[in-house]
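*Asks:* need the 3D shape of this:
(one chain, ligands or ions: 1)
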Amino acid sequence: MLTQSIPASNPGGFDTLNLISPLCRAVSEEQYTLPTPIQMEAIPHLLQGRDLLGCAQTGTGKTAAFALPILQGLAKHKEKPRPKEVRALILTPTRELALQIDESFQVYGRYMKFNQAVVFGGVSPRNQIRALSRGVDVLVATPGRLLDLFNQGCLRMDKIDVFVLDEADQMLDMGFLPDVKKIFNAIPDTRQTVLFSATMPDEIVRLTHKFLNDPIKVSVSPPSRTVEKVDQRILFVDRENKSALLASILEDESVYRVLVFTRTKHGANRVAKILTKKRIRTEAIHGNKSQSARMQALNKFRSGHVRVLVATDVASRGLDVDDITHVINYELPKEAESYVHRIGRTARAGATGIAISFCDAEERGYLRVIERTIKQNVTVDKDHPYHSDAIASRASHRSGGNGNGGRRGAGAGRRNPNSRSAKPGKRSSQRANPSAPSGYGKKKRSFRAKPHKSRPA
Ligand code: AMP
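*Replies:* Numbers count the residues shown, from 1 in each chain. From the prediction side, this is the model:
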């Protein structure tokens, strides 16, 4: 849940949005007191049937922004949909996101009567076909499976009156654009269309011109705002010392719900294996894992049975887990947008989080692009046993020469008297204090998170 302060009279509350009582009731049971900015701006227009182009990422409350008006629209229908008919279609790039959206409809629509179904690949289509055969009011789908089922005649798209395209930029990245266009062409022109995208690359802009009808444009939480809530640190480290550095950070018990990012599936498996060997409860999620393995891993992470989840960018997209204390970029992403998405996972629900990024010699270029995009230098933390001065100094022009980002501490610039020596690697560079005794992990200060709402059981 997003944290918002509640003024006594609650001006601008949900009651000003003209939502029907079953929806108001569900929303208040969720303890949403104030609509989020995207809800405030989008809901009145969507209730009037306008098309909408939203620049917003997960975590802004965008699901309720489209789900509540859709549900309100469904309340007008006196009859059930006919077999194979769909009334509202929500297209989303990943299975995880599809399940989350489907669940949100269940939550917000719990006092209404309507049929819903969710379809995605990687599982048997049998139950999905059965659900569609009855006709559904709300269908949440990923593009590939939806088109397969459509081509097999399992559903009709000619009665759809609301179409939501969620995470459009991610659809593009994942190569779904041709499928998305086919789906647009199969739905009646008279539909209401809602398109959400965290960024607006040219292809998405072209798509909106072609398929949206005079849309209202709403933009919330540009990347910099999310980024500001996150305490970001960069740790310069030789590649061969990364796993030891990660393990030493995890010695700190306050680093307790941790999302680690790698660039590749292979990298995710490797990191998970290393941590598991060190008896740190870890799971990996990436595109090569089966749907059920991914769900299992995610559930274990959510419930606190697993402390570390190692993920690739695609697998983590839309991941809705509150109380992630730390995001660790084991490998920096090539795209600055991915960096913003990654670190945004730890500043959910109004909390502040910590994002720690490892940067090896090859990744300095990525760091430069990231810093240009977020318009700030990330604080350098030298206060760890694997710090590489060689990498730091070659990256130092970024911050006026001191390699410290010119910003606040978090250990930046300090020598750690308790640092233990890094294992000398072939390319091992200067360390902060090569002769220091052991004890880095006992020093809890460096990576301690600000207090979070709850610890996992
Ligand atoms: P979303 O961006 O749709 O993934 O939503 C992010 C989180 O915010 C979810 O956990 C929602 O339950 C929560 N949320 C959505 N709207 C509100 C609201 N008006 N007040 C408080 N929390 C909300």
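*Asks:* pull up the gap between the closest residue to Ile285 other than its chain neighbours and the ligand, please.
*Replies:* On the basis of C-beta to C-beta, 6 or more residues apart in numbering, the spatially nearest residue to Ile285 that is not a chain neighbour turns out to be Ala315, at 4.4 Å. Bear in mind the C-beta positions are built from the backbone N, C-alpha and C, glycine included. With distances defined as C-beta to the nearest ligand atom, to the nearest Å, the gap from Ala315 to the ligand amounts to 17 Å.
*Asks:* quickly list what Gly54 is bridged to.
*Replies:* Going by DSSP bridges, Gly54 is paired in beta bridges with Phe196, Val218.
*Asks:* next up, the contacts around it.
*Replies:* When the contact criterion is C-beta atoms under 8 Å, 6 or more residues apart in numbering, the partners of Gly54 are Ile38, Ala42, Lys62, Ala65, Val194, Leu195, Phe196, Ser197, Lys217, Val218, Ser219, Val220.
*Asks:* could you do Val260 as well?
*Replies:* Taking C-beta under 8 Å, 6+ apart as the definition of contact, the neighbours of Val260 are Leu246, Val271, Val308, Leu309, Val310, Ala311, Val327, Ile328, Tyr330.
*Asks:* wait, is it part of a helix?
*Replies:* No - secondary structure assignment places Val260 outside any helix; it is strand (DSSP: H, G, I helix; E, B strand; the rest coil).
*Asks:* how long is stretch 240-254 from one end to the other?
*Replies:* Across its full length, stretch 240-254 reaches 25 Å end to end, with C-alpha to C-alpha, to the nearest Å as the criterion.
*Asks:* may I see the buried residues of that stretch?
*Replies:* 240-246, 248-252, 254 (16 or more other C-beta atoms under 10 Å).
*Asks:* how about those residues in a markdown table, adding secondary structure?
*Replies:* As requested, these are arranged in a markdown table below (three-state DSSP):
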| residue | secondary structure |
| --- | --- |
| Glu240 | helix |
| Asn241 | helix |
| Lys242 | helix |
| Ser243 | helix |
| Ala244 | helix |
| Leu245 | helix |
| Leu246 | helix |
| Ser248 | helix |
| Ile249 | helix |
| Leu250 | helix |
| Glu251 | coil |
| Asp252 | coil |
| Ser254 | coil |
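*Asks:* any chance of those in a markdown table, plus pLDDT and distance to the ligand?
*Replies:* As requested, those are arranged in a markdown table below (pLDDT from 0 to 100; distance: C-beta to the nearest ligand atom, whole Å):
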| residue | pLDDT | distance to the ligand |
| --- | --- | --- |
| Glu240 | 96 | 38 |
| Asn241 | 97 | 36 |
| Lys242 | 97 | 31 |
| Ser243 | 96 | 32 |
| Ala244 | 95 | 35 |
| Leu245 | 96 | 32 |
| Leu246 | 97 | 28 |
| Ser248 | 94 | 32 |
| Ile249 | 95 | 27 |
| Leu250 | 94 | 26 |
| Glu251 | 92 | 31 |
| Asp252 | 89 | 27 |
| Ser254 | 86 | 23 |
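*Asks:* weed out the non-buried ones from the contacts of Gly54.
*Replies:* Neighbour-count burial (16+ other C-beta under 10 Å) is assigned, among these, to Ile38, Ala42, Lys62, Ala65, Val194, Leu195, Phe196, Ser197, Val218, Val220.
*Asks:* quick check, nearest of the buried residues of stretch 240-254 to Arg156?
*Replies:* The shortest distance between Arg156 and any of those, using C-beta to C-beta, involves Leu246 and amounts to 50.5 Å.
*Asks:* neighbours around Tyr233, how many?
*Replies:* Let me fix one detail, which is that residue 233 is Arg and not Tyr. Counted with other C-beta atoms under 10 Å, residues neighbouring Arg233 total 21.
*Asks:* mind exporting the helix or strand hosting it as PDB, just the C-alpha atoms?
*Replies:* For Arg233, the element it lies in under DSSP states H and E is strand 230-236. Once non-C-alpha atoms are left out, strand 230-236 reads as follows in PDB (Å, rounded to 0.1, in the frame of the first residue of the first chain):
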ATOM      1  CA  VAL A 230      16.300   5.700  -2.900                       C
ATOM      2  CA  ASP A 231      19.600   5.900  -1.100                       C
ATOM      3  CA  GLN A 232      21.900   5.000  -4.000                       C
ATOM      4  CA  ARG A 233      25.500   3.900  -3.600                       C
ATOM      5  CA  ILE A 234      28.100   2.800  -6.100                       C
ATOM      6  CA  LEU A 235      30.800   0.300  -5.100                       C
ATOM      7  CA  PHE A 236      33.800   0.000  -7.400                       C
END
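*Asks:* the residue nearest to Ile285 reaches His286, doesn't it?
*Replies:* Yes - here Ala315 reaches His286: they are 4.7 Å apart, a contact under C-beta atoms under 8 Å.
*Asks:* cheers, nothing more for now.
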